[in-house]
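Colleague: Quick one: sequence and predicted model below, then my questions.
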Amino acid sequence: MKMIKRLLNYFERKQQLIWATILIIGSVLGTLFAPVIVGRTIDQLVGRGQVRFAQLNQDILWLLVLYLASSLCLWLATWFTNEIAYQGVNNLRHDLFAKLNFLPLRFFDTQQHGDITSRFVNDVETISDGVLQGLLTSIQAVFTIVGAIILMLYMDWVMALMVLVTAPLSYLTAKIITQKSQHYFRMQADDLGNLNGYAEETIAGLHTVQAFAHEKQARAEFQKRNQQLYSTGFTSQFIASFANPTARVINNVMYAFIGLTGGLRAVSGQITVGEISSFLIFATIFGKPFSDLTSLSSQFQSAYASAKRIFHIIDLKDEVADPTIPRVIDQVVGKIEFKQVDFSYEPDQHLITNLNLTIQPGQQIAIVGETGAGKTTLINLLMRFYDVTTGTISLDGVDIRQLTRENLRRQYGLVLQETWLFSGKIRDNIAFGRPSATFAEIKQAAVESGAAEFIEKLPQGYDTVLQAENNNLSSGQQQLLTIARVMLANPPMLILDEATSNIDTYTEAKIQQAFNTLTSGRTSFVIAHRLSTIRQADLILVMDHGEVIEQGNHQTLLAQNGAYAKLYHSQFED
Ligand SMILES: Nc1ncnc2c1ncn2[C@@H]1O[C@H](COP(=O)(O)OP(=O)(O)OP(=O)(O)O)[C@@H](O)[C@H]1O
């Protein structure tokens, strides 16, 4: 109940709800009075050749007006409920997306991205359908049931009682059935998320999948998950599908009894033949809201399961909040200190222990080490994508946890090996770091980074529209664009993560040149696998299993003849 209440808060639009309710009542009244008039028209046929035409015509006219008015009211009510449902869903999506910005990176590192997307798209859609249908059908059902009871009791209490006793039977049976299917609906939503996650993962990495001739395995895995979804989907729908037919059978038995009892009562003169007809129509009208409610309940089950998945994310613990009164760094000098830093991703797996480091302003730091040594982790800590477990990292003497994340991250320009370009023009992609930049400034950054050369050869130049996933640029060209982006943003410090791998020698030289321009005079961190590019670095940190095992410049480290020398010789003296 708590969750339903919470969900309904999103759909609170009082005025529209009042209008929708009034219009639905109007439509229900039309539907309820129509059978009374049908009964009256039948009673105008007094006997063979004895028809009261004047009265009959008037009744038929009334019937037409009632049906038209009832349909119009229903159409308008649907319009209002649409507005309520879509506005609510809009708010829900907004909150879900807003939440993503407050979740710790740990969440995204451990969750399938397709599953998150599925919550945005499928789950939200299911809720929207549930609320839309739910509002309309439930209001309609309640008023139809109440109205029909009153009218039926007024017409003939014996038959009314018969309907009142049998109709809830069909409802109860269907309810028991849908309760059973609830468990499977939850499983179905999870399996759908699972399938989406796998499809997204495979499509994103299709090159790799094909390069490793892994299509068969990928198809098999997809099929396995698909089959699982089929099986839970089928089971839930199968169980739920019993609800409606069962209700119908019970309803039909009820009609037969009404026909029989009505006939007997008409023979004894207690009701007219027209009233029997009215009553039979009433029974149909009265049965419908019950079966509507039962099929609606399966829709509610799915919506409930989806709401649970969405609120699960909304209720996750936010990352540690920024300080209420943060320190602010306006003009960064660029001195960074690690003091007794311990860090681990998982509580029981220590990675970094007691790391102490001092980086002077303007220094160029190279981080080297084998894969999994902890290079990216160091960057994650510097930018507060993760927080240290114990110890402190300070920037210009201020513990970085005393700054807002925005203030800290604005000090860094980040060039990753995996470039991130969004769907849009090249010029907008470069301007991402400083949206207010003029076109001249964008061009200037492209020239300085060396990206201008290839951009200007494109038919649409800076107006070329890129697709986020598949943009036909080489990885070197993409990286030059991200370098241009950082150049335009002109941040005081830099982080370049494995920036020179996977690129042809010509582009690599261009990138190297761009890096040199970029890093001069700024505190900068470069993660590089090619040791040739870091000979000039002021400080080289050699990492292994989360520890900085050696530090110094190229000459001193070579002279030490330790891990760095070994790594260096392995690259240059084969
Ligand atoms: N989000 C995470 N959750 C749990 N463990 C992680 C996470 N990210 C990295 N690790 C683990 O931490 C260790 C260090 O990883 P890190 O990515 O820092 O290495 P790296 O030196 O940057 O490696 P590479 O050169 O391959 O990028 C590895 O053992 C890795 O498996």
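Modeller: Received, thanks.
Colleague: For the helix or strand containing residue 27, which residues meet the burial criterion?
Modeller: Assignment of secondary structure by DSSP states H and E places residue 27 within helix 14-43. For helix 14-43, the neighbour count (16 or more other Cβ atoms under 10 Å) marks 16-17, 19-21, 23-43 as buried. Where you see a C-beta, it was placed from the backbone N, CA and C, and this is true even at glycine.
Colleague: Quick check: residue 115 touching residue 193?
Modeller: Yes - using Cβ atoms under 8 Å, residue 115 is in contact with residue 193, at 3.9 Å.
Colleague: quick one, what contacts residue 19?
Modeller: For residue 19, the residues meeting the contact criterion (Cβ atoms under 8 Å, 6 or more residues apart in numbering) are 76-77, 80.
Colleague: Could you list which of those residues belong to helices?
Modeller: In this view, those that belong to helices under DSSP state H are 76-77, 80.
Colleague: Pick the one among these closest to residue 148.
Modeller: Out of the ones in helices among the contacts of residue 19, the one with the shortest distance to residue 148 is residue 77. That distance is 18.6 Å, counting by Cβ to Cβ.
Colleague: The closest one and residue 67: what is the separation?
Modeller: Look at residue 77 and residue 67: by Cβ to Cβ, to the nearest Å, they are 16 Å apart.
Colleague: Which one's more surrounded, those two?
Modeller: residue 77 (24 against 13; other Cβ atoms under 10 Å).
Colleague: any chance of the contacts of residue 19 in JSON lines, plus distance to the ligand?
Modeller: Supplementary listing: the contacts of residue 19 in JSON lines, determined by distance: Cβ to the nearest ligand atom, whole Å:
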{"residue": "76", "distance to the ligand": "53"}
{"residue": "77", "distance to the ligand": "50"}
{"residue": "80", "distance to the ligand": "47"}
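Colleague: Reformat these as TSV; add pLDDT and distance to residue 484.
Modeller: Output for the contacts of residue 19, formatted as TSV (pLDDT from 0 to 100; distance: Cβ to Cβ, whole Å):
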residue	pLDDT	distance to residue 484
76	94	55
77	92	55
80	90	51
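Colleague: Identify the residue of the stretch 201-350 of the chain closest to the ligand, quick one.
Modeller: With distances taken as Cβ to the nearest ligand atom, the stretch 201-350 of the chain approaches the ligand most closely at residue 345, which sits 3.2 Å away.
Colleague: Can you report how many residues neighbour the residue nearest to that residue when sequence neighbours are not counted?
Modeller: Nearest in space to residue 345, with sequence neighbours left out and distances taken as Cβ to Cβ, 6 or more residues apart in numbering, is residue 351 at 6.6 Å. Using other Cβ under 10 Å, residue 351 has 18 neighbouring residues.
Colleague: Now residue 351: phi and psi?
Modeller: In terms of degrees, to the nearest 10, the main-chain angles of residue 351 are phi -120, psi -60.
Colleague: Check residue 218 too.
Modeller: Reported as degrees, to the nearest 10, the phi and psi values for residue 218 are phi -60, psi -40.
Colleague: hang on, it packs against residue 209?
Modeller: Yes - applying Cβ under 8 Å, one finds residue 218 in contact with residue 209, separated by 5.2 Å.
Colleague: anything in contact with each of those two?
Modeller: Common neighbours of residue 218 and residue 209 are listed as residue 202 (criterion: Cβ under 8 Å, 6+ apart).
Colleague: Give me the pLDDT value at the most centrally placed residue in the chain.
Modeller: If you average the C-alpha coordinates of the chain and look for the closest C-alpha using Cα atoms, centre = their mean, you land on residue 120, 2.1 Å from that point. Taken from the predicted model, the pLDDT recorded for residue 120 is 81.
Colleague: Same question for residue 409.
Modeller: For residue 409, the model assigns a pLDDT of 89.
Colleague: Surely it touches residue 385?
Modeller: No - between residue 409 and residue 385 there is no contact, the gap being 9.1 Å when judged by Cβ under 8 Å.
Colleague: mind showing which ranges of this protein have poor pLDDT?
Modeller: Confidence mapping of the chain against pLDDT under 70 gives the ranges 166-168, 170-171, 174, 468-471, 498-503, 572-574.
Colleague: Okay, strands next: where are they in the stretch 301-450 of the chain?
Modeller: Assigned strands in the stretch 301-450 of the chain, in chain order: 336-343, 352-359, 364-369, 390-395, 398-399, 412-415, 424-425 (criterion: DSSP state E, counting those that start in this stretch).
Colleague: any idea how far residue 416 lies from the ligand?
Modeller: Using Cβ to the nearest ligand atom, to the nearest Å, we find residue 416 at a distance of 11 Å from the ligand.
Colleague: which one is that residue nearest to, not counting chain neighbours?
Modeller: Distances taken as Cβ to Cβ, 6+ apart put residue 497 closest to residue 416, at 4.8 Å, once the chain neighbours are dropped.
Colleague: residues near the one you found, how many?
Modeller: By other Cβ under 10 Å, the residues close to residue 497 number 17.
Colleague: got it, and residue 268?
Modeller: As a burial measure, residue 268 scores 8 neighbours (other Cβ under 10 Å).
Colleague: separation between it and residue 158?
Modeller: Counting by Cβ to Cβ, the gap between residue 268 and residue 158 amounts to 11 Å.
Colleague: Check residue 382 too.
Modeller: For residue 382, the distance to residue 158 (Cβ to Cβ) stands at 83 Å.
Colleague: out of those two, which sits in the more crowded spot?
Modeller: Under the criterion of other Cβ under 10 Å, the comparison of residue 382 against residue 158 puts residue 382 first, with 21 against 12.
Colleague: Assess the claim that that one and residue 409 are in contact.
Modeller: No - taking Cβ under 8 Å as the definition, residue 382 is not a contact partner of residue 409, at 9.8 Å.
Colleague: and the stretch 1-150 of the chain, which of its residues are near the ligand?
Modeller: Neighbours of the ligand within the stretch 1-150 of the chain, by Cβ under 6 Å from any ligand atom: residue 109.
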